[in-house]
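>>> coordinates only, sequence not included:
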Ligand SMILES: C[S@@+](CC[C@H](N)C(=O)[O-])C[C@H]1O[C@@H](n2cnc3c(N)ncnc32)[C@H](O)[C@@H]1O
Ligand code: SF4
Ligand code: SF4
Ligand code: SF4
């Protein structure tokens, strides 16, 4: 049996914010049961027990949503209790949570620290730009509260990284955003290109990221990161770390750089399992952890189909000088399908120009690391 990574949505798509670009609202609206409520302790117990029955070597429980803190701190205290109860072979356990930071206080932060949670905190750059899209139900920006959470994390030495959605506005201000993060002392950054609605043509929303926007953003970000890197100030940017990993001959940890999708266990609040966070849709339900084992779920026909149909068939990629690094990118960027087939990656031109501009410098860094 392999190690197991789960991504659990203990509060389904429920959230205390209303970010205007949120892809999970779109996912919820595309399925029969939009909201699965809060995960019960019974479902959590079955999930944890079956995860330890299945996994060898290592198991990861990552929590996300919607907003996973809405499940309350007691839910996570129960998790730790269950991990102790069912980890009979004493395998390595990783706990992680992705949050908007709105309800985090000293008690939460101390809990994350004491239980070695790796936390992802969503913060889209500086105040004006973050507050543009990341608003609450009254339309109020959430920036001050999120920054307060970052300070609480610092106080308790919580391990956290910052996630930024690269939308049209962020893309125009890459330099300012990067410098803001640097000033705050954030060392671990992840930039996610903003998704448009599934099945819709890309580029139609006010926040939509075009390939040109993305190209400019990535080049700006790289120049700043590279200058810091060569001056001994190493900031981790997930995409760049993955590129270096590939150049150095390792498998990237990011699924969109492997040439095909992988099947993860993304688990909704009722125990239903899906292969990827972007496809928590009825048509991709692999099973339910309450009545099946992880072995059955992960080897299901649908899971295999999910991988098979992601294998890159874009003929442009066959001749591309950057294929060994890019590998075609994320399937979700090849929507909407045309005649049942995935289209060319929407961000292809951004990747090409980015690699052309940066590869010699990536190679130079890789040589130094070697
Ligand atoms: C769906 S949220 C769930 C966790 C938590 N509520 C949060 O905001 O961190 C997970 C991540 O997806 C990002 N996200 C939301 N909508 C997106 C979109 N349209 N494109 C790309 N990332 C998006 C969020 O900013 C967040 O970093
Ligand atoms: S906080 Fe997270 S789940 Fe909530 S609306 Fe924003 S991106 Fe979506
Ligand atoms: S759709 Fe994208 S994020 Fe999902 S498994 Fe495939 S490559 Fe990874
Ligand atoms: S840059 Fe474009 S053509 Fe080249 S591998 Fe990536 S998606 Fe394919």
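Perfect, I can see it now. The structure displayed is predicted, hence computed values, not measured ones. Numbers count the residues shown, from 1 in each chain. Ligands and ions are numbered 1, 2, ... in the order given.

>>> from here on, just use CA atoms for contacts and neighbour counts.
Noted.

>>> for the chain, which residue gets nearest to ligand 2?
Across the chain, no residue is closer to ligand 2 than residue 66, which sits at 3.6 Å (CA to the nearest ligand atom).

>>> mind checking how far whatever helix or strand residue 47 lives in is from the chain centre?
Here residue 47 sits within helix 41-54, counting by DSSP states H and E. Put simply, helix 41-54 sits 23 Å off its chain's centre (CA atoms, centre = their mean, to the nearest Å).

>>> and if you look at stretch 246-255?
17 Å.

>>> and stretch 11-26, by the same measure?
The chain centroid and the centroid of stretch 11-26 are separated by 14 Å under CA atoms, centre = their mean.

>>> wait, a helix at residue 93?
No: assessed with DSSP: H, G, I helix; E, B strand; the rest coil, residue 93 is strand; it does not lie in a helix.

>>> and the pLDDT at it?
Residue 93 carries a pLDDT value of 98.

>>> what does residue 290 give?
Reported pLDDT for residue 290: 98.

>>> do you know how far it is from residue 81?
19 Å (CA to CA, to the nearest Å).

>>> residues contacting residue 184?
Shown in contact with residue 184 (CA atoms under 8 Å, 6 or more residues apart in numbering): no residues.

>>> returning to what we had before: the residue of the chain closest to ligand 2: how many residues sit nearby?
Counted with other CA atoms under 10 Å, residues neighbouring residue 66 total 25.

>>> from residue 343, how far off is it?
From residue 66 to residue 343 the distance is 29 Å (CA to CA).

>>> hang on, the earlier thing: look at residue 290 and residue 81 and report which has more neighbours.
residue 290 (18 against 12).

>>> and the helices in the stretch 151-300 of the chain?
Ranges of helices in the stretch 151-300 of the chain, per DSSP state H, counting those that start in this stretch, are 168-172, 174-184, 211-230, 238-247, 294-298.

>>> looking at these, spot the one closest to ligand 1.
helix 168-172 (11.3 Å).

>>> now do that closest one: everything it contacts.
With contact meaning CA under 8 Å, 6+ apart, helix 168-172 is reached by 124-125, 129, 177, 206-210, 213-214, 216-217.

>>> buried subset of the residues you listed?
Neighbour-count burial (16 or more other CA atoms under 10 Å) is assigned, among the contacts of helix 168-172, to 124, 125, 129, 177, 207, 208, 209, 210, 213, 214, 216, 217.

>>> so for residue 1, what's the pLDDT?
pLDDT, read off for residue 1, is 69.

>>> err, residue 340, not the other one
So residue 340 comes in at 79 (pLDDT).

>>> ditto for the one 3 residues further on
We note a pLDDT of 84 for residue 343 in this prediction.

>>> for residue 317, see how far away it is.
Distance from residue 343 to residue 317, by CA to CA: 12 Å.

>>> related to what we said a few turns ago, helices or strands next to the helix holding residue 47 in the packing?
helix 73-86, helix 294-298 (3 or more CA pairs under 8 Å, 6 or more residues apart in numbering; DSSP states H and E).

>>> what sits up against it?
Helix 41-54 is contacted by residues 1-2, 4, 59, 75, 78-79, 82-83, 86-88, 270-271, 289-290, 293-295 when judged by CA under 8 Å, 6+ apart.

>>> what's the offset of the helix or strand hosting residue 324 from the middle of its chain?
Residue 324 is part of helix 323-326 when elements are defined by DSSP H and E. Chain-centre distance of helix 323-326: 21 Å, with CA atoms, centre = their mean.

>>> which other residues reach that helix?
Applying CA under 8 Å, 6+ apart, the contact partners of helix 323-326 are 243, 246, 247, 257, 259, 317, 351.

>>> neighbour count and pLDDT for those - can I get that in a markdown table?
A markdown table is the format used below for the contacts of helix 323-326 (neighbours: other CA atoms under 10 Å; pLDDT from 0 to 100):
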| residue | neighbour count | pLDDT |
| --- | --- | --- |
| 243 | 23 | 98 |
| 246 | 19 | 97 |
| 247 | 19 | 97 |
| 257 | 22 | 94 |
| 259 | 19 | 91 |
| 317 | 18 | 91 |
| 351 | 23 | 98 |
